[in-house]
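Colleague: The following block contains a protein sequence and its predicted model.
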Amino acid sequence: MLTKTFMPRMADIIGARHARHDVISLWLVEGFSGILEMFNQNVWEAGLIMANQNIDYTGEVVWGKEVVVTTGVKSIGTASFVLLQNVFQESRHCARAYVTLINYDYENQKPEAIPREIRVKLEEHLIRE
């Protein structure tokens, strides 16, 4: 499981005094940067496409307290895989996300099988709900 910590900025908070939904989505993307690095150390050349991101907001995130995003691998297919991410603040569960990423060959414009050596790395992060 990968873990990343964030500190909400004043600009991340709306009038209702909780974090904006788009900010949580951004933290989730940054939370799986370690997965991108498995495909290529230069994350801009990782060759992955986000096909889906489903987020359930289960609690408020407020300003001034650290946020922890955990990322694990829920399942692995031939060319795609699903991440399970959770957002916590002071041990309170604030969001859960399922993210589907596809290993993509941009030159040929089609999905391609996840290489065995990367699959092994992904399997190290398999989790059960």
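Modeller: Great, that's in hand. Numbering: from 1, shown residues only.
Colleague: what's the straight distance from one end of stretch 6-21 to the other?
Modeller: End-to-end distance of stretch 6-21 (CA to CA, to the nearest Å): 15 Å.
Colleague: Tell me, how many residues neighbour Glu117?
Modeller: Neighbourhood size, Glu117 [other CB atoms under 10 Å]: 8. C-beta: built from backbone N, CA, C; applies to glycine.
Colleague: same question but for Glu90, I mixed them up
Modeller: 10.
Colleague: ok now do it, which residues does it touch?
Modeller: For Glu90, the contact set (CB atoms under 8 Å, 6 or more residues apart in numbering) comprises Lys65.
Colleague: max-length helix in the protein?
Modeller: helix 21-31 (DSSP state H).
Colleague: Counting by contacts, list what the very next helix or strand once past it packs against.
Modeller: Next helix or strand after helix 21-31 toward the C-terminus (DSSP states H and E): helix 33-39. Where contact means 3 or more CB pairs under 8 Å, 6 or more residues apart in numbering; DSSP states H and E, helix 33-39 is packed against strand 2-6, strand 67-76, helix 116-123.
Colleague: one step back: the longest helix of the chain packs against which elements?
Modeller: Using 3+ CB pairs under 8 Å, 6+ apart: helix 21-31 touches strand 2-6, strand 48-57, strand 67-76, strand 80-89, strand 92-105.
Colleague: Nice, that's everything, thank you.
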